[in-house]
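> sharing a model prediction with you, sequence too.
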Amino acid sequence: MAGLNLAKCRKIVRAAFAKGKELELNPLSVVVLDSGGNVLAFERQDGAAAGRFQIADGKANAAVMLGMPSSKAMERAEQQPYFANALNGAYGGRFIPLPGGVLVLDKKGAVLGAVGVTGDTSENDALCAIAGIEAATFLAEA
């Protein structure tokens, strides 16, 4: 199976946007990161706020850098706010522990990267990320 190549990243973004349209959500922004936190793809729908890249990136980075979905990072941040503050500093502000940062896994469960979605509620953002990841034939951990 191919990893997170450009074709797969584009499929993730398109499917996430399609899920947002199906659910009649606000305009979305989607970022795909590799397992090292490097940006592979980003798109912002017409009407999405300009600052959405940083939010999508922060959600995805929280997931990939901790090896857990950003929803789990949020639980950890609620229990240990000092830990979240330290990580945000360590990651240069690229740490947003809110749902919407979803791990991309291969069929064996290895982390290939993460998808970050923002624009609607965090829970809806996560649903769109999952739809994108699954459309690209990867496993999603949200």
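Ah, there it is.

> okay, helices next: where are they in the chain?
6-22, 52-66, 70-79, 81-90, 122-135 (DSSP state H).

> Ser29: which of the ones you listed is closest?
helix 52-66 (3.6 Å; Cβ to Cβ). C-betas here are computed from N, CA, C, even on glycine.

> gap between Asn38 and Cys9?
According to Cβ to Cβ, to the nearest Å, Asn38 and Cys9 sit 12 Å apart.

> more neighbours: these two, which one.
Set Asn38 next to Cys9 and count neighbours by other Cβ atoms under 10 Å: Cys9 wins out with 25 against 10.

> and the nearest residue to the more buried one once chain neighbours are set aside, what's its pLDDT?
Spatial nearest neighbour of Cys9, chain neighbours left out: Ala41 (3.7 Å); criterion: Cβ to Cβ, 6 or more residues apart in numbering. You'll see Ala41 listed with a pLDDT of 98.

> now do the contacts for Ala41.
6, 9-10, 12-13, 30-32 (Cβ atoms under 8 Å, 6 or more residues apart in numbering).

> low pLDDT regions in this structure?
Counting by pLDDT under 70, the chain contains low-confidence residues at 1-2.

> for the residue of the chain positioned farthest from its centre, give its distance to Val31.
Distance to the chain centre peaks in the chain at Tyr82, reaching 23.0 Å (criterion: Cα atoms, centre = their mean). Distance, Tyr82 to Val31, by Cβ to Cβ: 27 Å.
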